[in-house]
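Visitor: Quick one, what's the 3D model for this:
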Amino acid sequence: MDAISNRKVTVDRKKVHYWPQYAEEFYYPMGKKKADEIPYNNSFKNVFTGNIAAAQGLQILPKTAELLKDENVRFVMVGDGRYLE
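Guide: Residues are numbered from 1 along each chain as shown. All right, here's what the predicted structure looks like:
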């Protein structure tokens, strides 16, 4: 909270609330697994995980992929959402 309250433009500490996120007990850490669908080919992997929708701004990816088409870059999308296709 100090990092927010003590910025160049100070913020009254009474207006700053700390609300930590948590996961339910049935979620647990998983061990590392090899992802066979992501080949090891010395390419730079740009990985996105999460909701695939308008709010994530993913419409920039086709333009980015076009700019990087001659580079050894791979885009990996993991998730679901309205814009998955």
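Visitor: Would you agree Val16 is in contact with Asn6?
Guide: No. The pair Val16 / Asn6 is not scored as a contact, 10.4 Å apart, by Cβ atoms under 8 Å. All C-beta spots, glycine's among them, are computed from the backbone N, C-alpha and C.
Visitor: So Asn46 lies in a strand, does it not?
Guide: Yes. Judged by DSSP: H, G, I helix; E, B strand; the rest coil, Asn46 forms part of a strand.
Visitor: With adjacent residues omitted, what lies nearest to it?
Guide: Of all residues beyond its chain neighbours, the one nearest Asn46 is Phe75 (5.1 Å), with distances taken as Cβ to Cβ, 6 or more residues apart in numbering.
Visitor: Could I get the pLDDT score of the one you found?
Guide: pLDDT recorded at Phe75 is 87.
Visitor: number of nearby residues for it?
Guide: If you count neighbours by other Cβ atoms under 10 Å, Phe75 ends up with 15.
Visitor: change the start of the numbering to 36 and stick with it
Guide: All set: I'll call the first residue 36, so the last point we hit is now Phe110.
Visitor: Thank you, goodbye.
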